[in-house]
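after the sequence you'll find the predicted model.
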Number of protein chains: 2
Amino acid sequence: MSSTLQTLDRGLLALEIVSEHKEGITIAGLAEQLGVHRAIAYRIVTTLEAHALLTRTPEGPVRLGAGITLLASRFEPQLHAVAQPLLKTLAKATRATAFVSIAQGKECVVTLVAEPDEGMLRVSYRVGSRHPLTQGAAGIAILAGRTPQDDDSPEVCQARAEGYSLTRGQLQRGAVGVASPIVTARLRAGIEACVGVVAMDDLDTERAIREVKASARQLVELIGQ
Amino acid sequence: MSSTLQTLDRGLLALEIVSEHKEGITIAGLAEQLGVHRAIAYRIVTTLEAHALLTRTPEGPVRLGAGITLLASRFEPQLHAVAQPLLKTLAKATRATAFVSIAQGKECVVTLVAEPDEGMLRVSYRVGSRHPLTQGAAGIAILAGRTPQDDDSPEVCQARAEGYSLTRGQLQRGAVGVASPIVTARLRAGIEACVGVVAMDDLDTERAIREVKASARQLVELIGQ
DNA sequence: TTTTATTGTTACTTTTATCGCACACTTAAA
DNA sequence: TTTAAGTGTGCGATAAAAGTAACAATAAAA
């Protein structure tokens, strides 16, 4: 097992800490959270700033920078390439429409979809469509993937315990949704995403639950623990 | 003038290099591009992997990891906080609907919107809606923000030269769009985003162009050069 | 088959990049 | 005015990387 680089490690940790502070954080505050001298934090910020991963507001505080967007836009096609075949398999196995959704603010956005080729009728779930996190199997699965909150609904708590969520008719009458959060062990927090399927009422839920959970695990393997 | 940290700098450079290789890159290849010994590249990759910013496929190559998604999901509300007031001002000044769009694959997705409070009729542009990059002012502005390609359309070339794009009726009959790419100097590439306005045919284009370009510059300041 | 690359990892020496202190300075509150 | 909290930057000591070399383990070529 090869070792890690202290300086790089700290820098990335700093990036994560900054990302946790929506309103920004002072360099002094960052230094404290990192447990290092201010001067070190200062150099770390300068370096991250040079790569546009951080910005300093004129008043002082440090926030995330535009570089994140660039990286994210490059990650998306990679995720697509990796996850699409997996989704296709999931769609076939469950004979339902499979999807990957991620959180964006208080909403849940569909990023990838695969439809089964069999079946007369099928539910289609458009990429880019969004709905509140509190509604539908996908949203609940994402909430369940977060660290427990006091105000979690019973559904979310159950989904967290079982590893999946199942909803009927929440987004569309007569539709069933099953979703499972994508939980990564290495990160300090979940990645706020889930895999799932939607179908008409005739979904074989037993099987769907099994398959969706398996897909979530596989995705974690492919995408990075 | 404070200095940057070599190790962190190299690590971030490695991250960028990996992000440029959609299919992944071998560690040896990465080491070469970084101009360092293989052993160093290994240590860098291990560290980035520990933060889930990179993953290694079972066959070897290194790709971006899920950590990017987490950072991106946290950047979004920060961008929102910073850009929303600016968009509101832009909407007021131009009496048109102002927006920020980013590229996602071959499409262009609307991420933020602000509507003017005056005016009887107004064009509403829904957050999350998407259309091909080749269509509409927003898409063209993003393409213009990229490094020149051989197959760029005349519109894209013109937008690159002028610093803005203007289209009429491409997405909706009777609608005019003006957009300007958000170009950052520090990054190795553009961030694939733009600011703009959409309105009915009665838009004061002279003014809109001026305001939109100014907004793009301001956003760069706020978000990180 | 042997030979030749390439990959992945470790142990060790060298060197230099990083650490952490220190000092100067600004701003704002007490 | 003093106190406090924060920013920004040189500098020497040393821990932390760099940069070797070396060694299995594959994998590809002869």
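Okay, I see it.

so what's residue A:190 up against?
The contact partners of residue A:190, taken as C-beta atoms under 8 Å, 6 or more residues apart in numbering or on different chains, are A:142, A:145-147, A:181-184, B:70. Glycine gets a C-beta too; all of them are placed from N, C-alpha and C.

can you get me a residue count around residue A:49?
19 (other C-beta atoms under 10 Å in any protein chain shown).

so who does it touch?
Counted by C-beta under 8 Å, 6+ apart, residue A:49 has contacts A:55-56, A:65, B:224.

list the buried residues for the helix or strand that it is a member of?
Element membership of residue A:49, judged by DSSP states H and E, is helix A:38-50. Neighbour-count burial for helix A:38-50 flags A:40-41, A:43-50 (criterion: 16 or more other C-beta atoms under 10 Å in any protein chain shown).

cool, stretch A:25-36 as well?
Across stretch A:25-36, burial judged by 16+ other C-beta under 10 Å covers A:25-27, A:29-31, A:33-34, A:36.

next one: stretch A:212-221
A:212-216, A:218-220.

if we can go back for a sec, determine which two of the contacts of residue A:190 are furthest apart.
A:147 and A:182 (14.9 Å; C-beta to C-beta).

for the closest residue to DNA strand C within chain A, report the pLDDT, please.
With C-beta to the nearest atom of the strand as the measure, residue A:39 is the residue of chain A nearest to DNA strand C, at 3.7 Å. On pLDDT, residue A:39 comes in at 87.

which intervals of chain A have sub-threshold pLDDT?
Residue ranges of chain A with pLDDT under 70: A:1-2, A:120, A:185-188, A:225.

what about residue A:147 and residue A:182, which has more around it?
Using other C-beta under 10 Å, the more surrounded residue of residue A:147 and residue A:182 is residue A:182, with 26 against 9.

for the nearest residue to that one once chain neighbours are set aside, grab phi and psi.
Leaving aside its chain neighbours, residue A:182 sits nearest to residue A:193 (4.5 Å; criterion: C-beta to C-beta, 6 or more residues apart in numbering or on different chains). Main-chain torsions, residue A:193, degrees, to the nearest 10: phi -140, psi 160.

repeat that for residue A:65.
When read as degrees, to the nearest 10, the backbone of residue A:65 gives phi -110, psi 180.

and residue A:104, by the same measure?
Torsion angles at residue A:104 (phi, psi; degrees, to the nearest 10) stand at phi -140, psi 100.

residue contacts, it?
Residue A:104 makes contact with A:130, B:73, B:76 under the criterion C-beta under 8 Å, 6+ apart.

which of the residues you listed fall in strands?
Among the contacts of residue A:104, the members falling in strands (DSSP state E) are residue A:130.

ok, now which ones touch residue A:136?
By C-beta under 8 Å, 6+ apart, the neighbours of residue A:136 are A:108, A:167, A:170-171, A:177.

among these, find me the one that's closest to DNA strand D.
Using C-beta to the nearest atom of the strand, the contacts of residue A:136 come closest to DNA strand D at residue A:108, 35.3 Å.
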